[in-house]
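Asker: coords below, sequence missing:
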Ligand SMILES: C[S@@+](CC[C@H](N)C(=O)[O-])C[C@H]1O[C@@H](n2cnc3c(N)ncnc32)[C@H](O)[C@@H]1O
């Protein structure tokens, strides 16, 4: 694998320059039990700078963040049809929704939908994006309730029938808190629509000396992710390995019921 250094301004540096940069700046100090599940605020702020730059400067013409790719990999969320024969999904939240949301690709599968909440720490920036899907205060015909905070800071007694979190965890700062928050906003029978990347335990240590990617501080492992997902009754699962020319990468697509 060639050395790669991506800074908080999304500048990509390769080869011998990347090698010397990685020696002076890498994420090895955050590894605990072969994973990176928590980083400090300074490291997370760099990830947020990367994300803000990606969408609010470099991506001003974008209108999608692989959301339809995810839609296909979830088999168009068809497994929710069977679930809704017995259960109603009225109130939903997307965590780490980005400017475009995955929720918009899900709407056609939610015939009983009444209330949409969207959460992202960069929401107030995204509202100014030319293609932001909820800048009118609505997503499709539904009024949106907006939470401009990280998941780790969500304090609410509300519970949701459906929680969506796709391509978010790698960008956050404390996965243990996030997993607790997710369980706290779901009731018995709520659905979790989830996708993210995991790595095998052996690979994390090697990776931090090969790649520094300011936008992706967290490295979830196979065991840690599956331990959390075992709290749900699985109704859909698909895995893809080595996507985007990244041999260590494993993408999980999962829908489960609490
Ligand atoms: C790669 S984007 C994906 C956005 C969206 N999930 C999608 O698939 O289109 C990752 C998002 O996670 C958000 N994020 C980063 N840290 C977060 C946190 N602690 N809590 C919630 N969202 C976070 C970022 O601001 C960014 O909008």
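Answerer: Arrived safely, thanks for sending. All figures in this text were calculated on a predicted structure; none of them were measured in a lab.

Asker: count of neighbours near the closest residue to the ligand within the stretch 1-150 of the chain?
Answerer: Nearest residue of the stretch 1-150 of the chain to the ligand, counting by Cβ to the nearest ligand atom: residue 98, 2.6 Å away. Every C-beta, even on glycine, is put in place using the N, C-alpha and C of the backbone. Using other Cβ atoms under 10 Å, the number of residues around residue 98 comes to 25.

Asker: Ok, the one 10 residues further on next?
Answerer: For residue 108, the number of neighbouring residues by other Cβ under 10 Å comes to 10.

Asker: Look up phi and psi at it.
Answerer: phi -70, psi -20 (degrees, to the nearest 10).

Asker: Read off the pLDDT value for it.
Answerer: pLDDT recorded at residue 108 is 94.

Asker: now the chain, which segments are flagged as low pLDDT?
Answerer: Counting by pLDDT under 70, the chain has low-confidence residues at 1.

Asker: where does it come near the ligand, residue by residue?
Answerer: 51, 65, 67, 95-98, 100, 102, 120-122, 150-152, 166-168, 171-173 (Cβ under 6 Å from any ligand atom).

Asker: picking up where we left off before, test my guess that the residue of the stretch 1-150 of the chain closest to the ligand contacts residue 54.
Answerer: No - between residue 98 and residue 54 there is no contact under Cβ atoms under 8 Å: 9.7 Å.

Asker: For the residue of the stretch 1-150 of the chain closest to the ligand, give me its contacts.
Answerer: Residues near residue 98 by Cβ atoms under 8 Å, 6 or more residues apart in numbering: 55, 65, 120, 126, 167.

Asker: ok, of the residues you listed, which come out buried?
Answerer: 55, 65, 120, 126, 167 (16 or more other Cβ atoms under 10 Å).

Asker: ok, and the closest non-adjacent residue to the first one?
Answerer: With Cβ to Cβ, 6 or more residues apart in numbering as the criterion, residue 55 has its nearest non-adjacent residue at 5.4 Å, and that residue is residue 99.

Asker: circling back to that earlier point, pull the most distant pair out of the contacts of residue 98.
Answerer: 126 and 167 (14.8 Å; Cβ to Cβ).

Asker: re earlier: reformat the buried ones among the contacts of residue 98 as a markdown table; add secondary structure.
Answerer: A markdown table is the format used below for those (DSSP: H, G, I helix; E, B strand; the rest coil):
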| residue | secondary structure |
| --- | --- |
| 55 | helix |
| 65 | coil |
| 120 | coil |
| 126 | helix |
| 167 | coil |
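
Asker: will you turn these into a markdown table that also has distance to residue 114?
Answerer: Output for these, formatted as a markdown table (distance: Cβ to Cβ, whole Å):
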| residue | distance to residue 114 |
| --- | --- |
| 55 | 29 |
| 65 | 26 |
| 120 | 21 |
| 126 | 24 |
| 167 | 26 |
